[in-house]
Structures are given as structure tokens and as C-alpha cells.
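Enquirer: Sharing a model prediction with you, sequence too.
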Amino acid sequence: MNTKTEKIKNFDPSQPGLADASIYGLPFDEHESEIIILPVPWEVTVSYGGGAGEGPQAIFNASFQVDLLHQDFPDLWKSGIFMDNPPYDWKARSEDLKDLAEPIIDALELGEDINQSAELRENLQTINKASAQLNAEVAERTMYWINQGKRVILLGGDHSTPYGYYQALARQYDNFGILHLDAHMDLRKAYEGFEHSHASIMYNAAQIQQISKIVQVGIRDFSETEVNFVKSSSKVDVFTDADIKNQLFEGKTWQHICDEIISRLPENVAISFDIDALQQWYCPNTGTPVPGGLSYEQAIYLLNRLAGSDKKIVGIDLVEVSPGEDEWDGNVGARLLFHLCGIFAKNTGLKTGERICFV
């Protein structure tokens, strides 16, 4: 039986990924891999564009076209990255529950009071109960891998999916923060009646005692209630896209802004990356697009800056990748996920190699 050392020796990272292998075509199993990708193909409460539930599979499919010699982390692939196959029927349950959620959303958009419908009230209760069950299962699966010494990255699905993941991190760390890259604040309480809506993830995260700070970056769409929440809470700091761009236009460097963002975070940091934090041409099919946003390079620079700081990265989630007719969204998602694996590995002491420099 080949050991991991033998697999590294015999594997050619310059060749196409192995068709029967795990994500990125790597030859390692879950026991040999230091990084576990936990896919959560769930999108029950989406109220605009759909497709996030297909994100994990689209990223997996596109991953085989990613060159493994990463400029920043050339030896990353040797650590091993494995996509989990959780023992839950999350995708099937999501599809069934989404069918229940759509009439509720339609009724609300028509200005109807769903409390007047026994069927809609019952369906809402069913969805809320199922979402709580999902959170418990995500927490359980996350802990399963953490207890085996793995670094776990959650791959959504919509932005409601990391809540159980944060619950698991809260069992490991008494105090941690979230670096939240997004177009939206996601601070709505039980949006449309859904207790675990994709639009409520940061409101719910703020209720977790161990989460001491949420620093939001790239925000460019929010409601009055969300603004009031930010103003009344010491837990949330916001760097809107407009404020960032104004500072850049007036001469402040991106390095300076990134350092200010990082300075707001506590020692332990989880990263929550909603793909719509990026400009739309990177993610044209994401569910709730908003003009503006970060460039891919700006996001990568911020992530690298964080990885090289005195902060400890304790977790990462990537959400809201929605594939279209081509493979572009999955391609961007796969490359961003690979970079997220790299900063997680480097920051937590895995050998990722020296950055390749040409100039």
C-alpha cells in the first residue's frame, strides 16, 4: 500500500488531475489530507437567484483544471486536500424544503400575511426545524474532522450554511472573530420568517457568545434595520465598498486599508467569503449580485496579508457560488478555494514552499 510519501514522490502535479481522485485531482485520501473540504449543498431560503446548492459540485468539477503549482504556495498540494462525502442527504432535503419555501416567499412579495394561512405557517415551522437540524449536523461533521486534527473548510451552498460550522468553532475557541467578505451585511433577524436565512447568517453569528467581532468588507447593499444593528452593536465593524473606494481614490493604499481591517480582528479569526464580495464578472450567476465590489487581486492581497499577520486563522467558509451554463463561476470558485486552502495551510504551520518570484 502506497504511503503518502510515496504518493508525493510518484505523483506528477504538472499532469491533468486524476479522474478518480478527490478535489483538484489529488491522490490522497481523507486520512492523508491535512485539509478537509466540507460541502453543504443547501439553498432553501434564497429569495432572488438560485443555484448556490450546485456550487460545491461545480467547484469540484472545475478543480481538475487548476494547476497545482500555486505561485504563493507551490508545495500546498503536498499537504493534501480532500472533499468530504458527508453521511447526510443535504442536497435532497434542500430541494424538498425549497419547494416549501417558495410559496412563502411569493406570498410575502405580494404583501400577504402568511399567518393567515395554516399551510404556510406549518411549512415555515418545518423549514426552521430542518434548518436547525442542518446546523447540528454541520457542527457534528465539523467536529468529527477537527477531532482528527484536520483543518476544515466549509463549502456552501447559500450563506446560511456556516452557522453550525461557527458553533463547532465556538467549542474550540473561547474568543474568535469573523472576517466577512460580502456585498451584503446579512444582519437581518429571521428574514422572511426563516430563522436561518442566508440574509441572517451574521445576525445569528453575532448571537454566539464566543464570537467577539465581525469585520465586514466590501459591503454595498443593506437595510435600515441592519444599519441600526451595526450602530447599536460593538461586535460589528463595517468597511463598505464605497468607503474603501473613496479612500483608494484619495490616495490611501490598499495595504494600509488591509492592515486597518486586520487590526480590528481578535487573535483568532474565521474567514467567511461570500463570492458576491467580488465584482460581478467573477461570479455572474451568484444569487444576489450588486454593482461594485472587490477585484480578485484585492481579495487575495487581503487574505495573504491576514495569513502573514499575527492572527491565527481558525476556520474558513466559501459560499454562494452559483454555476451558469459555462464553467466560469465554478472555475473562479475552485481557484479561490485553492488559495483559501493555501492561506489556511501557511498560517497554521503547514509547509507550503517559498513564493515563486519572477521579478
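Expert: Thanks, I have the structure now. Numbers count the residues shown, from 1 in each chain.
Enquirer: what helices or strands is the lowest-mean-pLDDT helix or strand in the chain leaning on?
Expert: Lowest on mean pLDDT, DSSP states H and E among the helices and strands of the chain sits helix 90-109, with a mean of 88. Packing partners of helix 90-109 (3 or more CB pairs under 8 Å, 6 or more residues apart in numbering; DSSP states H and E): helix 118-146. In this view, the C-beta of every residue, glycine as well, is placed from N, C-alpha and C.
Enquirer: CA atoms only for the following helix or strand past the helix it packs on - export them in PDB, please.
Expert: Downstream of helix 118-146, the first helix or strand assigned by DSSP states H and E is strand 151-156. C-alpha atoms of strand 151-156 as PDB (Å, rounded to 0.1, in the frame of the first residue of the first chain):
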ATOM      1  CA  ARG A 151      -8.300  21.900   9.000                       C
ATOM      2  CA  VAL A 152     -11.900  22.100   7.900                       C
ATOM      3  CA  ILE A 153     -13.200  24.500   5.200                       C
ATOM      4  CA  LEU A 154     -16.900  24.700   4.700                       C
ATOM      5  CA  LEU A 155     -18.100  25.000   1.100                       C
ATOM      6  CA  GLY A 156     -21.700  26.200   0.600                       C
END
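Enquirer: Sheet-wise, list the partners of strand 151-156 with their directions.
Expert: Applying DSSP bridges, strand 151-156 is found paired with strand 35-40 (parallel), strand 312-319 (parallel).
Enquirer: rewinding a little: quick one: buried residues of the least confident helix or strand of the chain?
Expert: Across helix 90-109, burial judged by 16 or more other CB atoms under 10 Å covers 90, 91, 93, 94, 97, 98, 100, 101, 104, 105, 107, 108.
Enquirer: show me where pLDDT drops low in this protein?
Expert: Across the chain, the ranges flagged by pLDDT under 70 are 1, 18-19, 47-49.
Enquirer: contacting residues around the closest residue to residue 51 other than its chain neighbours?
Expert: Once flanking residues are discounted, residue 51 sits nearest to residue 322: 3.3 Å by CB to CB, 6 or more residues apart in numbering. Contact analysis of residue 322 by CB atoms under 8 Å, 6 or more residues apart in numbering lists 49, 50, 51, 52, 54, 55, 283, 285, 286, 287, 329.
Enquirer: now with 7 Å?
Expert: Applying CB atoms under 7 Å, 6 or more residues apart in numbering to residue 322 gives the contacts 49, 51, 52, 54, 55, 285, 286, 287, 329.
Enquirer: tell me the secondary structure for it?
Expert: coil (DSSP: H, G, I helix; E, B strand; the rest coil).
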